[in-house]
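Engineer: Everything below, folded, please.
(2 chains)
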Amino acid sequence: MRWAVVVFPGSNCDRDAEQAIRLVTGDPVDLVWHDADDLSGYDAIVLPGGFSYGDYLRAGAIARFSPVVRAVAREAERGKPVIGICNGFQILTESGLLPGALLPNRHLQFRCEMTELRVETNDSPFTRLYTPGEVIRIPIAHGEGRYHAEPEVLEELRRERRVAFRYVENPNGSVDDIAGILNPKRNVLGLMPHPERAVIDWMGSEDGIRIFQSIHAHVEEGLSHA
Amino acid sequence: MREPTPEEIRERALYRNLGLTDEEYERVVEKLGRLPNYVEAGIFGVLWSEHCSYKSSKVHLRRFPTTGPQVLQGPGENAGVVDIGDGFAVAFKMESHNHPSAVEPYQGAATGVGGILRDIFTMGARPIAFLDSLRFGPLDDVRTRYLFAQVVAGIGGYGNCVGIPTVGGEVQFSPTYRQNPLVNAMCVGILRADRIVRGEAKGVGNPVFVVGARTGRDGIHGATFASAEDPEEKERSAVQVGDPFLGKLLMEACLELIATGAVVGIQDMGAAGLTSSSAEMASRAGGGIELVLDRVPVRETGMTPYEMMLSESQERMLVVLERGKEETAFSIFRRYGLEVADVGRVTDDGMLRLRWRGEVVAEIPVRALVDEAPVYERPVGPPVSPKPASIPDPRDLAGAWLDLMRHPNVADKSWVYRQYDTMVRAQTVFGPGMDAALVKVPDLDKAVAMATDGNGRYVRLNPKKGGAIAVAEAARNVAAVGAKPLAITNCLNFGNPEKPAVMRQLADAIDGMAEACRALDTPVVSGNVSLYNESRGQDIDPTPIVGCVGVLDGIVRRMPSVPRESRGLKLVVLGREDDALDGSLYAELACGEPVGDAPYLDLAAERRLHDLLQRIAAERAAEAVHDVSEGGLAVAVAEMALGAGCGAVIVAPDGVRPAGWLFSEAQGRAIAAVLPDRLEALLDLARALDVPARVAGEFTGAPHVEVSFAEDRVRVPLADLAEAYRNAIPSLLGQDAVDSRATL
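Structural biologist: Coordinates of the predicted model:
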């Protein structure tokens, strides 16, 4: 399988994602510039963290107009796994591929620290190698990570078990302690924590490994059945 | 508005407003052989400012050792470069942004970070880390709280966005910095040792480009402003505004362009903007440069040559390309959406020549501007010898211990560094909170260690010894994580150099630093001087800040400051035991001001300790090592115990003064936490390297830290230590900045 890591002007976790994918899966990875309009050659797509367009106006608000976001939407529609990390999550909500919005942290400060997350479902291409209810350690680093959604949306997320991760101790004021959510088809994941920063022993946690392994396993199975 | 004529400049002494003294103006006239016009006088004013010319410090800076087999580039370039082996090198430098941060703290700090970042990538290095050394007045003052919170936000605002982790630094608080906060930013980058790029305008006929932001009217006079006292009296317009998004694009584009080999020379337009970048690049190449100012992209119409030359608009680079490679450069800059303009040519006539609207508006010999800038041997006052002090014992040892734990200099700084992205780039092995930061070199089993240190209290009491301690402590922190200290950068933050007493502090501190650099084999490869840190006639305590860089071969050898599993580990004090309280934070709290001499320092013993710390890490003879610094052994042991969440029992040597043994800040010491079956190995290493080592106690399961003396004993619950240490800064900030979780 082949991965695309999308690079917007101002992305800064693109190489981190590339490093993690190569290390964990050994798969080929391309860094794809934001003006690409066709991602059909890729089996999985990563929207990495950073400050696309400086996060001016609002995090992710300008990046959503990049040509590549239309290509991402097309591949998501075809059922390919798309994962948005931090700024990538913000771009996914801004572009409507995921519901809700990410607001400035309740305390109005940027926050970078290791957090504990509860895995809420393993029914997704991203979490199949975790155990539901398992607590894992993945760091956060964001200023606008407070998840917000209307009550009907939250009810739907709960009913359809589309909350993928919750914070054990809420670091930013997210509603319902939400750290990551899935789309209705469960092939698009947005999460604020950075799994690519938890894949080697000296990083202080290796709990992010299984996200990349899960995606790899999901795609490889699909390819072998195709 | 009409510009004054050359005659008016002389007759009305208008050059004084441009930062030139009467003598300096006469010197300009002599160098030119005529009266300078307004643009020329302005250019001399900024380039001959203290900030750009180092005219007061230059004669003293020459005493720093700057060479060694590890040095690939010493002072004089955009940054220093040292060899870290395996074909790789590290570029690093520290710079002050004190004056702008005192006026506009968020932007002052942010542009300080952006400026030092550009100094690193112009060497051809990929930036890998920031560190920040900050000094403020006490937090009981509302303006200080504002400055502190905004400086921290500004550092994070820029650093987080450009995607370079802020991995270390330190913050101290003292009344001496109430009017003059210090903001010193350091950046470290990695490059191939054979691919160093220099800021030289070489090759006659090569084109010169301005890349990045348009030139506006912001920041005019920034450099002269930084060289004058009482910044608050000065224009706010002299402060610039940073754009980290543009800074990130510039960095990526420039690194990509440098990799093509098309770049002859490149330099940030920092202080004194287009003026200093063009003159310095021409000076290094020994040639000249000609600029056509009509082609400089500007933000507003009607900008004059004077304004264009003196603007300090951020995120601009001056680039000299090899002729014929222009298209390569244009295609890269276009892809990043960056503006680029061909503004001139490299010449061989040694002149800085500016054209505008078809006329030559300035023509100055580059040598006169840079190499022949004034150098002052300012009067140096008599040496001050430290006064012996009688420092009282506390009524209650445990209370004094807790007072130190909650002093903001000692207390937990996570309120600060939680606002920095410490892990972006995914190479951070040790971030803030360890003795030194450790950042991995991608694709190699190697890491760069870095630490900043500098204690104004020590330097105030004994400038020479205090200067030496700044170097010793930074290098010790690097050695504590197992790395070999290689070289240092520094920021010399001092008061008004026109006062002989201040010049004495500067001269002596430099002597002390130089001696320590030689003893520890850590030459100075870059640095910066910030003078006139004074307000209403009051100078700050002399505060040289040292940034030390080292290399660790083998990530597995990294030595943390706190053990993972602590129970049962033996605690060993390394280095000469001491119970003198000279210069200590305890003494300052007990006496109301810094007293006595600077703490004990023996540079030869210090060097042996650093060698031992590297051996301990290489042979895994300890589970953790923590440097003893402000607050003494008591604080060092408490920090290890709190980090490990485990109590400890310690026995002091016979015959020591209890308060002295607990709180002495004597240098050259560290504590090692050792597995019982590795104890002999550690003691053997210490004996072989002639470093005193005494098994002083162990981590226990008990919920307290206890120290026994011959006739006394002090026991403090871990919970009390934790409360004092962790709540101090958030509670001092009070409602301005409450802990996040409390508000949820």
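Engineer: tell me the contacts of residue 161?
Structural biologist: Unless you meant another one, I'm taking chain A. Listed by C-beta atoms under 8 Å, 6 or more residues apart in numbering or on different chains, the contact set of residue A:161 reads A:120, A:121, A:123. Placement of C-beta: from N, CA and C, glycine included.
Engineer: please go with chain B instead
Structural biologist: Going by C-beta under 8 Å, 6+ apart, residue B:161 touches A:10, A:12, A:51, A:54, A:55, B:244, B:245, B:247, B:248.
Engineer: got TSV for these, with neighbour count, secondary structure and pLDDT too?
Structural biologist: Compiled in TSV, the contacts of residue B:161 are given as follows (neighbours: other C-beta atoms under 10 Å in any protein chain shown; DSSP: H, G, I helix; E, B strand; the rest coil; pLDDT from 0 to 100):
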residue	neighbour count	secondary structure	pLDDT
A:10	25	coil	94
A:12	25	coil	96
A:51	27	coil	93
A:54	20	helix	86
A:55	23	helix	85
B:244	26	helix	94
B:245	19	helix	94
B:247	27	helix	94
B:248	26	helix	96
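Engineer: how about those, which pair is most distant?
Structural biologist: Across these, no pair lies farther apart than A:55 and B:247, at 13.7 Å, counting by C-beta to C-beta.
Engineer: Find me the pLDDT at residue B:199, would you?
Structural biologist: pLDDT for residue B:199: 86.
Engineer: Now do the SS call for it.
Structural biologist: Following DSSP: H, G, I helix; E, B strand; the rest coil, the label given to residue B:199 is coil.
Engineer: neighbours around it, how many?
Structural biologist: Neighbour count of residue B:199, defined by other C-beta atoms under 10 Å in any protein chain shown: 23.
Engineer: Point out where chain A drops to low pLDDT.
Structural biologist: Where chain A drops to pLDDT under 70, the residues are A:225-226.
Engineer: Get me the contact residues on it for chain B.
Structural biologist: Residues of chain A lying close to chain B by C-beta under 8 Å from any C-beta of the partner chain are A:9-10, A:12-13, A:15-16, A:19-20, A:33, A:49-51, A:53-56, A:105-107, A:109-113, A:139, A:141, A:143, A:169-173, A:194, A:196-197, A:202-203.
Engineer: Let's see which of these end up in strands.
Structural biologist: Mapping the residues of chain A next to chain B onto strands (DSSP state E) picks out A:33, A:111, A:112, A:113, A:139, A:141.
Engineer: Please identify, among those residues, the one with the most neighbours.
Structural biologist: The residue in those with the most neighbours, by other C-beta under 10 Å, is residue A:112 (27 neighbours).
Engineer: And it, how close does it get to residue A:165?
Structural biologist: To residue A:165, residue A:112 is 18 Å away according to C-beta to C-beta, to the nearest Å.
Engineer: Give me the number of neighbouring residues for residue 134.
Structural biologist: In the absence of a named chain, this looks at chain A. Neighbours of residue A:134 under the rule other C-beta under 10 Å: 14.
Engineer: Can you look at chain B instead?
Structural biologist: 26.
Engineer: Just the buried ones from the residues of chain A next to chain B?
Structural biologist: Burial by neighbour count, 16 or more other C-beta atoms under 10 Å in any protein chain shown: within those this picks out A:9-10, A:12-13, A:15-16, A:19-20, A:49-51, A:53-55, A:105-107, A:109-112, A:139, A:141, A:143, A:170-173, A:194, A:196-197, A:203.
Engineer: so who does residue 204 touch?
Structural biologist: In the absence of a named chain, chain A is used. Residue A:204 makes contacts with A:114, A:137, A:139, A:198, as judged by C-beta under 8 Å, 6+ apart.
Engineer: nope, chain B
Structural biologist: Residue B:204 makes contacts with B:287, B:346, B:347, B:348, as judged by C-beta under 8 Å, 6+ apart.
Engineer: For those, which two are the farthest from each other?
Structural biologist: B:346 and B:348 (7.9 Å).
Engineer: Of those two, which one has the most company?
Structural biologist: The residue with more neighbours, out of residue B:346 and residue B:348, is residue B:346; 24 against 12, by other C-beta under 10 Å.
Engineer: Residues of the stretch 451-600 of chain B that sit close to chain A?
Structural biologist: Counting by C-beta under 8 Å from any C-beta, the residues of the stretch 451-600 of chain B close to chain A are B:555, B:558.
Engineer: before we move on, back to that, can you list the contacts of residue B:204 in a markdown table and add distance to residue B:528?
Structural biologist: Shown next, in a markdown table, are the contacts of residue B:204 (distance: C-beta to C-beta, whole Å):
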| residue | distance to residue B:528 |
| --- | --- |
| B:287 | 26 |
| B:346 | 27 |
| B:347 | 30 |
| B:348 | 31 |
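Engineer: any chance of those in a markdown table, plus pLDDT and secondary structure?
Structural biologist: Shown next, in a markdown table, are the contacts of residue B:204 (pLDDT from 0 to 100; DSSP: H, G, I helix; E, B strand; the rest coil):
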| residue | pLDDT | secondary structure |
| --- | --- | --- |
| B:287 | 93 | coil |
| B:346 | 94 | strand |
| B:347 | 94 | strand |
| B:348 | 94 | coil |
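Engineer: From the contacts of residue A:204, list just the buried residues.
Structural biologist: A:137, A:139, A:198.
Engineer: I figured the last one was touching residue A:138, is that so?
Structural biologist: Yes - in this structure residue A:198 lies within contact range of residue A:138 using C-beta atoms under 8 Å: 4.9 Å.
Engineer: who touches both of these two?
Structural biologist: Applying C-beta under 8 Å, 6+ apart, one finds that residue A:198 and residue A:138 are jointly contacted by A:205, A:207, A:208.
Engineer: Could you point out the helix or strand that follows the stretch of helix or strand residue B:429 belongs to?
Structural biologist: Residue B:429 belongs to strand B:428-430 when elements are defined using DSSP states H and E. Using DSSP H and E, the helix or strand that directly follows strand B:428-430 along the chain is strand B:437-440.
Engineer: quick one: that following strand near chain A?
Structural biologist: Yes - interface with chain A: strand B:437-440 contributes residue B:440 (C-beta under 8 Å from any C-beta).
Engineer: Name every strand pairing with whatever helix or strand comes next after that strand and say which way it goes.
Structural biologist: Scanning forward in sequence from strand B:437-440 by DSSP H and E, the next helix or strand is strand B:446-453. The sheet places strand B:446-453 alongside strand B:437-440 (antiparallel), strand B:543-553 (antiparallel), with pairing taken from DSSP bridges.
Engineer: Report the buried residues of stretch B:559-570.
Structural biologist: Neighbour-count burial for stretch B:559-570, counted by 16+ other C-beta under 10 Å, picks out B:559, B:560, B:561, B:562, B:563, B:566, B:569, B:570.
Engineer: Just send the residues you listed back as JSON lines, with secondary structure and pLDDT too.
Structural biologist: Putting the buried residues of stretch B:559-570 into JSON lines (DSSP: H, G, I helix; E, B strand; the rest coil; pLDDT from 0 to 100) gives the following:
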{"residue": "B:559", "secondary structure": "coil", "pLDDT": "98"}
{"residue": "B:560", "secondary structure": "coil", "pLDDT": "98"}
{"residue": "B:561", "secondary structure": "coil", "pLDDT": "97"}
{"residue": "B:562", "secondary structure": "coil", "pLDDT": "95"}
{"residue": "B:563", "secondary structure": "coil", "pLDDT": "93"}
{"residue": "B:566", "secondary structure": "coil", "pLDDT": "90"}
{"residue": "B:569", "secondary structure": "coil", "pLDDT": "97"}
{"residue": "B:570", "secondary structure": "strand", "pLDDT": "98"}
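Engineer: which among those residues gets closest to chain A?
Structural biologist: In terms of C-beta to the nearest C-beta, no member of the buried residues of stretch B:559-570 lies closer to chain A than residue B:560, at 10.5 Å.
Engineer: and the closest residue to that closest one other than its chain neighbours, what are its phi and psi?
Structural biologist: Closest residue to residue B:560 apart from its sequence neighbours, by C-beta to C-beta, 6 or more residues apart in numbering or on different chains: residue B:624 at 5.2 Å. Backbone geometry at residue B:624, expressed as degrees, to the nearest 10, gives phi -160, psi 150.
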